[in-house]
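Trainee: this one's structure only:
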């Protein structure tokens, strides 16, 4: 059975991506990161999702990116932006950008994939309804793939590892509809940057999620503290 | 003053590379990894070297690549090859290859460099007298650079971070001669894979080092348990 490492953040996109990998017949090895993020709620979500998807193995990898800081997601002295207008999101890279995060996560996934002889790495990046992070763009993923093709012993032997990004060009509503068809447990996913008891409904991540459910014509099963007027 | 992150393994090549960065006027931020390697001797060496080079800061970053395994450097059940003929080294990728190690290390260096607004990352890879690791080759470094140029917020703002590999095409003897001119403390470096009291003189890393000193016409100041007949 062909193997895939699936990056799981606890959010909606990576969960849909892992379900897509599963639906394509891969044996799924989920990989999540305890990287010094603001809250551990999303890590708890990854455990539940890994169980539901019947991952062959779920690894939670510790990496202290908070040792460097440089982002409101790993430095609690900084605060994620809230109350953006939905059409403002993605125009300017916000404080929640974590320097080189996807590069670090994909690199560790590559080390894991080569060790277990996996064919593919699945990552739920999307460059449509997104925060403008540079390491979510198609041209970045393409360059990462080219680097991977030269990086490993496996590639010298003629078998490179494929970076799979099934959501790359999909609007959030389409991601949600795709997830619904695959039976994705949206109630077990967590997108809010703040990690409080209820999703805030005001950070960029909540806003993009709410917009996606609205456009998909579906109700988001998680509870919000506030609901914005303009979505 | 322009800043550089310098990867420091405790070995000879990375030490010479850091001294080159310093000689080129960079403020040096040394970065070493406690990655589950066979021995901690090399990490102790990095501390001494960072002190001698007057690094602005020395970071020892923990990352458990031994959680994955896949190499005799991170899995103590496997053993590094010994007693190779010198002309055999680099022909076949040996068990000491650690899956995606340079990709992981460079990625973390990238996160650090972006956070402290460094211009460059220095890494002591060489593809001349080397073990044949795929992630030491010029084409790999070139592809990594292209990926970096698309990966960060800094590059969106028009300033990419440069991966500097001053040793890439140098034979070991030239690296040693260059180091000598720069006052590199060879006695504080450690190359042996085994990490015992004395360098073994038989692993690939010892053999390449001994060959380099011989060809440079210099005496290696560290002590060896065995000295091979054929070098």
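Mentor: Perfect, thanks for sending it. The structure displayed is predicted, hence computed values, not measured ones.

Trainee: surely residue A:140 meets residue A:134?
Mentor: Yes - in terms of C-beta atoms under 8 Å, residue A:140 counts as a neighbour of residue A:134; the distance is 6.2 Å. No exception for glycine: its C-beta is placed from N, CA and C like everyone else's.

Trainee: for residue B:131, see how far away the residue nearest to residue A:9 when sequence neighbours are not counted is.
Mentor: Excluding the flanking residues, the one nearest residue A:9 by C-beta to C-beta, 6 or more residues apart in numbering or on different chains is residue A:42, at 6.1 Å. According to C-beta to C-beta, to the nearest Å, residue A:42 stands 39 Å off from residue B:131.

Trainee: over to residue A:21?
Mentor: From residue A:21 across to residue B:131, the span is 34 Å (C-beta to C-beta).

Trainee: in a helix, the residue nearest to residue A:9, correct?
Mentor: Yes - assigned with DSSP: H, G, I helix; E, B strand; the rest coil, residue A:42 falls within a helix.

Trainee: looking at chain A, which helix or strand is least sure?
Mentor: helix A:153-156 (a mean of 93; mean pLDDT, DSSP states H and E).

Trainee: quick check: next helix or strand after that one?
Mentor: strand A:162-164 (DSSP states H and E).

Trainee: so which elements touch the lengthiest strand in chain A?
Mentor: Longest strand in chain A by number of residues (criterion: DSSP state E): strand A:27-34. With contacts taken as 3 or more C-beta pairs under 8 Å, 6 or more residues apart in numbering or on different chains; DSSP states H and E, strand A:27-34 sits against strand A:3-7, helix A:12-23, helix A:41-52, strand A:57-62, helix A:101-116.

Trainee: how much space separates the most far-flung residue of chain A relative to its centre from chain B?
Mentor: In terms of distance from the mean C-alpha position of chain A, residue A:157 ranks first, at 30.3 Å (C-alpha atoms, centre = their mean). With the distance defined as C-beta to the nearest C-beta, to the nearest Å, residue A:157 ends up 9 Å from chain B.

Trainee: with residue A:111 instead?
Mentor: Taking C-beta to the nearest C-beta, one finds residue A:111 at 4 Å from chain B.

Trainee: now do residue A:100
Mentor: Counting by C-beta to the nearest C-beta, the separation of residue A:100 from chain B is 4 Å.

Trainee: now that residue. Nearest residue, chain neighbours left out?
Mentor: residue B:111 (3.9 Å).

Trainee: same question, residue A:55
Mentor: Closest to residue A:55 by C-beta to C-beta, 6+ apart is residue A:30, at 4.3 Å.

Trainee: give me the pLDDT value at the one you found.
Mentor: With respect to pLDDT, residue A:30 scores 98.

Trainee: ok, residue A:49 next?
Mentor: Note on residue A:49: pLDDT of 98.

Trainee: how about residue A:76?
Mentor: Note on residue A:76: pLDDT of 89.

Trainee: residue A:228 now?
Mentor: 87.

Trainee: likewise residue A:231?
Mentor: In this model, residue A:231 is scored at 81, pLDDT.

Trainee: that older thread, more neighbours: residue A:140 and residue A:134, which one.
Mentor: Of the pair residue A:140 and residue A:134, residue A:140 is the one with more neighbours under other C-beta atoms under 10 Å in any protein chain shown, namely 24 against 21.

Trainee: assumed that one was part of a helix.
Mentor: Yes - Residue A:140: assigned to a helix according to three-state DSSP.

Trainee: which residue is the nearest non-sequential neighbour of it?
Mentor: Per C-beta to C-beta, 6+ apart, closest to residue A:140 is residue B:150, 4.3 Å.

Trainee: got the angle for whichever helix or strand that neighbour is part of vs helix A:138-151?
Mentor: Element membership for residue B:150, per DSSP H and E: helix B:138-151. Relative orientation of helix B:138-151 versus helix A:138-151 (axes from the mean of the first three to the mean of the last three C-alpha atoms, to 10 degrees): 160 degrees.

Trainee: residue contacts, residue A:63?
Mentor: Listed by C-beta atoms under 8 Å, 6 or more residues apart in numbering or on different chains, the contact set of residue A:63 reads A:33, A:34, A:35, A:36, A:104, A:108, B:63, B:108.

Trainee: filter those to the buried ones?
Mentor: For these, a burial check counting by 16 or more other C-beta atoms under 10 Å in any protein chain shown picks out A:33, A:35, A:36, A:104, A:108, B:63, B:108.

Trainee: which of the residues you listed sit farthest apart?
Mentor: Greatest spacing in those, by C-beta to C-beta: A:36 and A:108 (14.4 Å).

Trainee: burial measure for the closest residue to residue A:221 other than its chain neighbours, as a count.
Mentor: Distance criterion C-beta to C-beta, 6+ apart; nearest residue to residue A:221, sequence neighbours excluded, is residue A:187 at 4.1 Å. Neighbourhood size, residue A:187 [other C-beta under 10 Å]: 12.

Trainee: picking up where we left off before, contacts for the longest strand of chain A?
Mentor: Here strand A:27-34 makes contact (C-beta under 8 Å, 6+ apart) with A:1-10, A:18, A:21-22, A:40, A:43, A:46, A:49-50, A:53-63, A:105, A:108-109, A:112, A:116, A:118.

Trainee: buried sites along it?
Mentor: For strand A:27-34, by 16+ other C-beta under 10 Å, it's A:27, A:28, A:29, A:30, A:31, A:32, A:33.

Trainee: residue A:70 - that's part of a helix, no?
Mentor: No - using three-state DSSP, the secondary structure at residue A:70 is coil, not a helix.

Trainee: that one and residue B:152, how far apart?
Mentor: 10 Å.

Trainee: for the two, list the residues in contact with both.
Mentor: The contact lists of residue A:70 and residue B:152 share A:99, B:114, where a contact means C-beta under 8 Å, 6+ apart.

Trainee: and these two? Which one has more around it.
Mentor: Taking neighbours as other C-beta under 10 Å, residue A:70 and residue B:152 compare with residue B:152 leading, 25 against 22.

Trainee: just give the closest residue to residue A:58, not the sequence neighbours.
Mentor: Residue A:58 sits nearest to residue A:50 (C-beta to C-beta, 6+ apart), 3.6 Å away.

Trainee: hmm, back to that, is the residue nearest to residue A:9 in contact with residue A:195, as I believe?
Mentor: Yes - using C-beta under 8 Å, residue A:42 makes contact with residue A:195 at a distance of 7.2 Å.

Trainee: out of the two, which sits in the busier spot?
Mentor: Applying other C-beta under 10 Å to residue A:42 and residue A:195 shows that residue A:42 carries more neighbours, namely 23 against 15.

Trainee: re earlier: enumerate every residue touching the residue nearest to residue A:58.
Mentor: A:8, A:30, A:32, A:58.

Trainee: quickly list what the last one is bridged to.
Mentor: Beta bridges link residue A:58 to residue A:30, judged by DSSP bridges.

Trainee: ok, it - contacts?
Mentor: Residue A:58 touches A:8, A:29, A:30, A:31, A:32, A:46, A:47, A:50, A:51, counting by C-beta under 8 Å, 6+ apart.
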